[in-house]
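A.B. asks: sequence plus predicted model, see below.
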Amino acid sequence: MKKLSAVLFIKNKKINELIDECFNQFHSIEIIDNYKDRVEVIERFNQRNPDIFVIEIDEDYVQSIDLLSQINNAPFLIAISSDVLITQKLLDSGFSDVIYSDLLTMEYFCKKISKIFKL
């Protein structure tokens, strides 16, 4: 089975560690980059061409949606958001799944990833 590559754009340290720990449990997913800012995503994302992109959506979700238009070959996109009201907007803009940060635990995230990618 081909190893899946993942990149993260998560500012919250706790969420970042949780996702990193979960992906480490799956030997078929490797985090190849962890972006710290929007400029870095735009400059380096298209060179990496990952299978999975996990992005934390902050209060300015329009910028996150705009960011998607600047990357090529958008992979499986997972949004981590605390705002339930923007879920449909995120899905309509190309996100594959939205996970609410208030419900986010390692077990919950790992189960979702396992189900999505049949791991």
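C.D. replies: Arrived safely. Numbers count the residues shown, from 1 in each chain.
A.B. asks: phi and psi next, for V98.
C.D. replies: phi -130, psi 130 (degrees, to the nearest 10).
A.B. asks: thinking it is in contact with D83, fair?
C.D. replies: No: using Cβ atoms under 8 Å, V98 is not in contact with D83; the gap is 9.5 Å. All C-beta spots, glycine's among them, are computed from the backbone N, C-alpha and C.
A.B. asks: any idea how far N12 lies from S81?
C.D. replies: Per Cβ to Cβ, to the nearest Å, N12 is found 11 Å from S81.
A.B. asks: anything in contact with each of these two?
C.D. replies: Overlap of the contact sets of N12 and S81 (by Cβ atoms under 8 Å, 6 or more residues apart in numbering) consists of E56, S101.
A.B. asks: those two: which is more packed in?
C.D. replies: Neighbour count, other Cβ atoms under 10 Å: between N12 and S81, S81 has more, with 23 against 15.
A.B. asks: neighbours of the closest residue to the more buried one other than its chain neighbours, how many?
C.D. replies: Excluding its sequence neighbours, the residue lying closest to S81 (Cβ to Cβ, 6 or more residues apart in numbering) is I57, at 4.0 Å. When neighbours are defined as other Cβ under 10 Å, I57 has 22 of them.
A.B. asks: list phi and psi for I57.
C.D. replies: The phi and psi values for I57, taken as degrees, to the nearest 10, are phi -90, psi 120.
A.B. asks: from the chain's centroid, how far away is the helix or strand in which K89 is found?
C.D. replies: In this assignment (DSSP states H and E), K89 forms part of helix 87-92. When C-alpha coordinates are averaged (Cα atoms, centre = their mean, to the nearest Å), helix 87-92 and its chain have centres 14 Å apart.
A.B. asks: go on, stretch 104-119?
C.D. replies: Averaging C-alpha positions (Cα atoms, centre = their mean) puts stretch 104-119 13 Å from its chain's average.
A.B. asks: fine by me, we can end here.
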